[in-house]
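K.L.:
Sequence and predicted structure below; questions after.
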Amino acid sequence: MTFRARLAAAVGLAALTLAACAAPPTGEPSGEETTAGAGGASPAAAGAVTVGLTYVPDIQFAPFYVADAKGYYDEAGVDVTLRHHGQSEQLFTAIAAGQEDVVVAGGDEMLQARSQDVPLLSVATLYQEYPVVLIVPEDSPITSPADLAGHSVGVPGPFGETYFGLLALLGAAGLTEADVDVEHIGFTQQAALAAGHVDAVMGFVNNDAVNFAGAGMAVRTIEIPPNADGVTPLVGIGLGVLDETAASRPDDVAAVVEATLRGAADVAADPAAAVELAADYVPDLDRPDRQQAALATLEATVPLYGEASAFGAQDPATWAAMVAFMTERGLLEADVDAADAWTAKFLPAATN
């Protein structure tokens, strides 16, 4: 996710939301703990769980803040510490080193890590809809993925969800990278598109598209079309654990999943209240301008959760399609069986 933003200050809080799901892995663990229990038991202690939130404090993590603030983790019987990553920290270094028990990342990123000998298992998918879209100026002649042929498109780099999304979008239109001019622009989507440096950018519908609206630039978003089987071959942001954690601490994993989904349900029911609670976790969120940006981000995020009855759900067809897609595109370093990459057994009975 990740949103390792190097954005202009004017982009503000909403722009920071992008970085947690797209940046390349660099650096060593240097995160900070932000919950009341931050100085508590180590991750290995019974009932103590460290959740890796893969960016600095940000409204994107509202379900976790709400679950913590309302005591949902305590009610579920787990002592949760929310650990935010530093801006240059790898997504999975801390969980691989035993410093975290649960990590928040894209299903595609977890799958790629699994192919690199980091045995991550997705235990819930928070975003039922993939959040990456193609963004073009409102008056652009590009109205479909096929229209991108011969045009320039900006992505932060050849990594993460925006890049995976670009490959899926091109594939659905029968195009390859050779048919377009792919520009690696860092996390400057708003500036690059506004200045006309590129004809289109790949970005997050609940971040970049929100930023453009906040800046007064009229844009259109184009979703990644489904493949021939009617499936978008990418899995969005969710919760992951190591195989060993799933096997040795199943009750703790299930408790974290259940409590987090309760938090997501509350965010969906009342985004404005979630912003108020998140102010205790996110610096400067007590400022009215930051609250307005945060609310716009959550309002764009809630539809990604899907129907309330399906919060956290895993879709076998999408996982299978993603394995096939990422294998075909050379994004996996080793073969991965889709059935080994995810599980629904930790989901609440109402979802599973």
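P.N.:
The structure has been received and is ready for your questions.

K.L.:
Can I take it that V182 is in a strand?
P.N.:
Yes: counting by DSSP: H, G, I helix; E, B strand; the rest coil, V182 falls inside a strand.

K.L.:
Off-centre distance for the lengthiest helix in the chain?
P.N.:
Longest helix in the chain, counting residues (DSSP state H): helix 250-269. How far helix 250-269 lies from its chain's middle: 16 Å, per C-alpha atoms, centre = their mean, to the nearest Å.

K.L.:
Tell me the helix or strand right after it.
P.N.:
Following helix 250-269 in sequence order, the next helix or strand is helix 271-278 (DSSP states H and E).

K.L.:
would you put the C-alpha positions of that next one in PDB?
P.N.:
In PDB, the C-alpha atoms belonging to helix 271-278 read as follows (Å, rounded to 0.1, in the frame of the first residue of the first chain):
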ATOM      1  CA  PRO A 271     -17.600   8.200   8.600                       C
ATOM      2  CA  ALA A 272     -17.800  11.600  10.400                       C
ATOM      3  CA  ALA A 273     -17.700   9.900  13.800                       C
ATOM      4  CA  ALA A 274     -14.800   7.800  12.700                       C
ATOM      5  CA  VAL A 275     -12.900  11.000  11.800                       C
ATOM      6  CA  GLU A 276     -13.500  12.400  15.300                       C
ATOM      7  CA  LEU A 277     -12.200   9.200  16.900                       C
ATOM      8  CA  ALA A 278      -9.200   9.100  14.600                       C
END
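
K.L.:
so what does that helix touch, helix or strand wise?
P.N.:
helix 62-69, helix 250-269, helix 288-301 (3 or more C-beta pairs under 8 Å, 6 or more residues apart in numbering; DSSP states H and E). Quick note: C-beta positions are derived from backbone N, CA and C, even for glycine.

K.L.:
hmm, try it at 6 Å
P.N.:
Judged by 3 or more C-beta pairs under 6 Å, 6 or more residues apart in numbering; DSSP states H and E, the packing partners of helix 271-278 are helix 62-69, helix 288-301.

K.L.:
buried ones in stretch 248-267?
P.N.:
By neighbour count with 16 or more other C-beta atoms under 10 Å, stretch 248-267 contains the buried residues 249, 252-267.

K.L.:
quick one: average pLDDT of that stretch?
P.N.:
Stretch 248-267 carries an average pLDDT of 98.
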